[in-house]
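**Q** here are the coordinates; sequence isn't available:
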Ligand code: G6P
């Protein structure tokens, strides 16, 4: 969603800001803008469309300045247009904003009565108006910002400047914002990949922090103006990791990075000799009385939760209840103090997932997050955290984050199995043995990517797809169908294979391809029967299995054979061909694979 960047220093800000905006593109946006401060004048340029459109619009103009703000907007209030794009200016105050101001109508009406004129449909525009009105009343810039913030309800990450002073202010509540620590310069952004080329030392701001940049340094204060101590953390990501490295798209690179990402996530944690899984600094509550585990997330991370349910229930025999984060707290879940909540999020900034964590904490339930981003809100605020080591994921459609999340869930299951005493050492050693072989097996699938590309060529023109699977393969096909929808805009529906005859079978004819995930597991025979039902209606079959002699293999030209593994690890392997199928179809159709229309990488509003 919206991306923010701010810079103040000795260098010309334009290129620094535009380069950072390019790095924020992956978050998803529909317009972009920049404001540059030079000699007590501020110049603003905004465009509907891409950052490159903004860059083109700027060529020929003399955009100068060593201090500035820039923004990519993902429309919430008001259509994507130049007038709704940020920065917004009122009087001498300029603001960029990520988040939603829930009481903006109220503030707007109040200001309108006092003669303020608005030029956009956004919620954001009330912010510069309020700040400017306090400055006009004689208030100092920082105080005007502090007072304004106390009046805002909702979420915000803000970048603010004023014309008559060389000061830059950033503030945050429930939307991500980080400060890059560089001597003599000030830089802040929505996330680390945006400014990783400038520094790898970051302060991850906390809610209600206000940062005042002035004279080559900065202070963090609270809403009352008290000084706060915030310490930088070093992130071991590099600029190169956030680049395409020769691949046509980030998504393709990230699909191919999965063997490494999973190996990195296992590294230092799986001890085959000791038959143990070790997580640094993880303090779980007493598990002896555990009643239920909740697994909560959004999007692809939610599919990891569904897979987690199968992994935990089939091995530990502990009930797992899964929930979509945006649904969770509105249905008044019935908690028990002995429960545990696992929240899964690549970014650690998804607003609904954070809200679900808070709901659990308010009820005194232990919360554990599985996150990919150090310093993210979820990682900081949950009671425990296990990081996936996927590295920066830039493609909007999640791939390597998903498989590393499943890897963590599997490790956690084995860890808890030992703690609970329900697994002996040999069992855990066996699980570790299988897990350690996964990266190699993933690689063997990737080595056959051209077969999937060929399949994609044959199926790229179909308008609808049905995905079917049973047991743990059911959430895997949900994720496969989501990938196809997200990036190719083809309608794809996932159905539990056994449920197909209760509705979707009515759709099947020769124009309707069916992707069947059917490894040789406990669900094999039943799935074969469901595939027969598809073929009997002349449906086109794409079969993904680990069994070369699969009963249905000679009934279609489109078969992909995967390596075998144990039931609980199958999703790690089956994810890859389904990701590749979606990728190649989208690529052949020529869609914007890394930034699909209407989607955002990090959904920071509810
Ligand atoms: C967005 C992204 C998805 C992602 C979901 C949850 O919808 O486009 O790829 O799965 O958010 O994000 P999270 O960062 O919480 O895993």
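**A** Right, received. Where do you want to start? As the structure is a computational prediction, the values presented were derived from the model and not from experiment.

**Q** Surely residue 516 is within a strand?
**A** Yes - counting by DSSP: H, G, I helix; E, B strand; the rest coil, residue 516 is located in a strand.

**Q** from memory it sits against residue 539, does it?
**A** No - assessed by C-beta atoms under 8 Å, residue 516 is found out of contact with residue 539, at 9.7 Å. For glycine as for every other residue, the C-beta is placed from the backbone atoms N, C-alpha and C.

**Q** tell me the mean pLDDT over stretch 385-401?
**A** Across stretch 385-401, pLDDT averages out at 94.

**Q** Can you pull the residues of the stretch 101-250 of the chain lying near the ligand?
**A** Within the stretch 101-250 of the chain, no position is near the ligand by C-beta under 6 Å from any ligand atom.

**Q** Next, count neighbours for residue 91.
**A** Using other C-beta atoms under 10 Å, residue 91 is surrounded by 15 other residues.

**Q** Could you tell me the phi and psi values at it?
**A** Residue 91 adopts backbone torsions of phi 60, psi -120, taken as degrees, to the nearest 10.

**Q** what's near enough to touch it?
**A** 128-129, 132-133, 135-136 (C-beta atoms under 8 Å, 6 or more residues apart in numbering).

**Q** Would you list the buried entries among the residues you listed?
**A** Among the contacts of residue 91, those classed as buried by 16 or more other C-beta atoms under 10 Å are 128-129, 132-133, 135.

**Q** So which bits of whichever helix or strand residue 453 is part of are buried?
**A** Assigned by DSSP states H and E, residue 453 belongs to helix 449-459. By neighbour count, with 16+ other C-beta under 10 Å as the criterion, the buried positions of helix 449-459 are 449, 451-453, 455-456, 459.

**Q** Return the member of those residues nearest to residue 181.
**A** Checking the buried residues of helix 449-459 against residue 181 with C-beta to C-beta, the nearest one is residue 449 at 40.6 Å.

**Q** The closest one contacts residue 580, doesn't it?
**A** Yes - between residue 449 and residue 580 there is a contact at 5.5 Å, judged by C-beta under 8 Å.

**Q** Dump the buried ones among the contacts of residue 91 to TSV, plus distance to residue 255, pLDDT and secondary structure.
**A** Conversion of the buried ones among the contacts of residue 91 to TSV gives the following (distance: C-beta to C-beta, whole Å; pLDDT from 0 to 100; DSSP: H, G, I helix; E, B strand; the rest coil):
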residue	distance to residue 255	pLDDT	secondary structure
128	42	98	helix
129	46	98	helix
132	48	97	helix
133	51	97	helix
135	51	97	helix
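
**Q** Quick check: of these, which lies closest to residue 416?
**A** Taking C-beta to C-beta as the measure, residue 416 sits nearest to residue 128 out of the buried ones among the contacts of residue 91, at 50.7 Å.

**Q** Let me see the contact set for the closest one.
**A** Taking C-beta under 8 Å, 6+ apart, we find residue 128 in contact with 88-91, 93-95, 160.

**Q** And for the helix holding residue 453, what's in contact with it?
**A** Counting by C-beta under 8 Å, 6+ apart, 465, 513, 540, 542, 557-558, 560, 577, 580-581, 584-585, 587-588 sit against helix 449-459.

**Q** Any quick PyMOL command for the buried ones out of these?
**A** Filtering the contacts of helix 449-459 down to the buried ones (16+ other C-beta under 10 Å) takes a single PyMOL command:
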select buried, resi 465+513+540+542+558+560+577+580+581+584+585+587
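
**Q** Make CSV from the contacts of helix 449-459 and add pLDDT to it.
**A** CSV is the format used below for the contacts of helix 449-459 (pLDDT from 0 to 100):
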residue, pLDDT
465, 96
513, 95
540, 94
542, 97
557, 88
558, 96
560, 98
577, 98
580, 98
581, 98
584, 98
585, 98
587, 97
588, 98
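
**Q** what sits against residue 27?
**A** Residue 27 neighbours (C-beta under 8 Å, 6+ apart): 1-3, 72, 74, 190-191, 600-602.

**Q** and if you look at residue 92?
**A** By C-beta under 8 Å, 6+ apart, the contact set of residue 92 is 42, 132, 135, 162-164.

**Q** So for residue 516 and residue 539, which sits in the more crowded spot?
**A** Neighbour comparison, residue 516 and residue 539: the larger count goes to residue 516, with 26 against 21 (by other C-beta under 10 Å).

**Q** Not including adjacent chain positions, what is the nearest residue to whichever residue of the stretch 351-500 of the chain sits closest to the ligand?
**A** Of all residues in the stretch 351-500 of the chain, the one sitting closest to the ligand is residue 398 (3.8 Å; C-beta to the nearest ligand atom). Spatial nearest neighbour of residue 398, chain neighbours left out: residue 300 (3.9 Å); criterion: C-beta to C-beta, 6 or more residues apart in numbering.

**Q** following the strand or helix carrying residue 134, which helix or strand comes up?
**A** Using DSSP H and E, residue 134 falls within helix 126-136. Counting by DSSP H and E, the element after helix 126-136 in chain order, helix or strand, is helix 141-151.

**Q** and that next one, what does it pack onto?
**A** helix 126-136, strand 156-162, strand 168-173, strand 209-214 (3 or more C-beta pairs under 8 Å, 6 or more residues apart in numbering; DSSP states H and E).
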